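In: build me a structure from this.
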Amino acid sequence: MKTLIAAAVVLALGSSAYGHEGMSWSAGTSGGTLANSTVVVSIPGAQISTSNLSTTDFWGAPLSTAQSCVDYNCDTVWSATFTPPLEDLLWYGSFIRGSGANNTGLPVGYTFNQPFVILSGFSQGTISGTTLTLPGTGFHDGILKFTSPVASLICTNNATKNGRQLATFGKLCGATTYSTAKSGLTCGLPAITYAGVPSAGATSGFVISAAPARGQRSGLILYSCGGRASIPFQGGILCVNPSPLRRSSLINSGGTNGMCDGVFSSDWNAFASGNGGGNPDPCIQAPGQRVNTQIWGRDSVATGSFLSNGLEFDM
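Out: Reported below is the predicted structural model:
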């Protein structure tokens, strides 16, 4: 384990029109906030540079073509605190190094102290626990989304070379995750995530997903315009109000039968507008309507159903 050198860097974040907030370094490496949170990062040898965070690897929450980022050595151990803690925290990585940053030629693992999913990009990356492993001698770009509220974030790695790479933080806006997913499932504890912006006037552009899931399983989105709930349900928690409880059209987890590479995913805007099959309730077509959702699916004979945590947003 490398020794963490505490050189404080404070982030300043500004708003974006795309349902997320992106980096705005207001005074070099000092001063700022992300949403309603004061964010302080400890990292040695940091400097401010820019990178294009609008490419296809960043489709989940794209930023600008010259986005300010922290530029640091890939073998650096860094930490960050968020006061108060932040939900839907994003970590943008640009020119993140793989095997080329390791003298042994082995893939480089970046281990965080918080659970996460890949929101977009990092197409060659694999996740094991809270470690993102990146192979190859080239560079990797993408966004990680942390699946629980984050008060403190630490990243360690097994890199043995000191090539430069860039990163910044962001936050998804307009939706909030809540409640608890069903435990004891075949592929572990699932997490609900989203990309894009919910809109009563759009026909696409707000994708709701939940993973990990078994491959080639059927599922759907449970939803309600009646608020949240916390009711025992099929071995887990029903976190959408069942009065009344509505269902989306069927979705398939994809992936490989018998494997844990499935993802239940559906474009909510397409469904709500009537372009995604099924019979959407008129309430979700009303601008400003608050909607609560949860992904249900098939898991196994032993565990029964798949149940994610909840996602609440306004149309």
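In: which SS class is C283?
Out: Following DSSP: H, G, I helix; E, B strand; the rest coil, the label given to C283 is helix.
In: wait, it touches C225, no?
Out: Yes. Using CB atoms under 8 Å, C283 makes contact with C225 at a distance of 3.9 Å. C-beta here means a position set from N, CA and C on the backbone, and glycine is covered the same way.
In: list residues touching both of those two?
Out: Residues touching both C283 and C225 by CB atoms under 8 Å, 6 or more residues apart in numbering: Q289, V291.
In: for burial, what's the neighbour tally of the closest residue to G227 other than its chain neighbours?
Out: Leaving out its chain neighbours, the residue that sits closest to G227 by CB to CB, 6 or more residues apart in numbering is N241, at 4.8 Å. N241: 16 surrounding residues under other CB atoms under 10 Å.
In: same check, this time on F116
Out: 23.
In: before we move on, what about E21?
Out: E21 has 22 nearby residues by other CB under 10 Å.
In: does it touch T33 like I think?
Out: No. Contact criterion CB under 8 Å: E21 and T33 do not qualify, at 9.8 Å.
In: quick revisit: just the pLDDT at the residue nearest to G227, thanks.
Out: Looking at N241, its pLDDT is 95.
In: that one: what's it in contact with?
Out: S224, G226, G227, R228, A229, N292.
In: show me what the first one is bridged to.
Out: For S224, the beta-bridge assignment (DSSP bridges) gives partners N292.
In: for it, list the residues it contacts.
Out: V240, N241, P242, S243, P244, L245, R246, V291, N292.
In: which among those count as buried?
Out: Among those, those classed as buried by 16 or more other CB atoms under 10 Å are V240, N241, R246, V291, N292.
In: pretty sure I284 contacts M315?
Out: Yes. The pair I284 / M315 is scored as a contact, 6.1 Å apart, by CB under 8 Å.
In: mutual contacts of these two, please.
Out: Taking CB under 8 Å, 6+ apart as the contact rule, I284 and M315 both touch A200, A272, V291.
In: which one among those residues gets closest to P84?
Out: Lowest distance from P84 to the shared contacts of I284 and M315 (CB to CB) belongs to V291, with 25.2 Å.
In: can I see the domain layout of this structure?
Out: 8-172, 175-314 (automatic domain parsing).
In: lowest mean pLDDT across those domains, which one is that?
Out: Taking the mean pLDDT of the domains of the chain, domain 8-172 comes last: a mean of 83.
In: show me what counts as buried in stretch 195-209.
Out: A195, G196, V197, P198, S199, A200, A202, G205, F206, V207, I208, S209.
In: got phi/psi on the third one?
Out: In this case it means V197. Phi and psi for V197, reported as degrees, to the nearest 10, are phi -130, psi 130.
In: do the fifth one as well
Out: Dihedral angles of S199 (phi, psi; degrees, to the nearest 10) stand at phi -150, psi 130.
In: what's the closest non-adjacent residue to it?
Out: S199's closest residue in space is N269 (CB to CB, 6+ apart), at 6.0 Å.
In: need the contact partners of the host helix or strand of that neighbour.
Out: N269 is part of helix 268-272 when elements are defined by DSSP states H and E. Residues outside helix 268-272 that contact it (CB under 8 Å, 6+ apart): 194, 196, 198-200, 202-208, 221, 248-249, 276-278, 280, 284-285, 293, 315.
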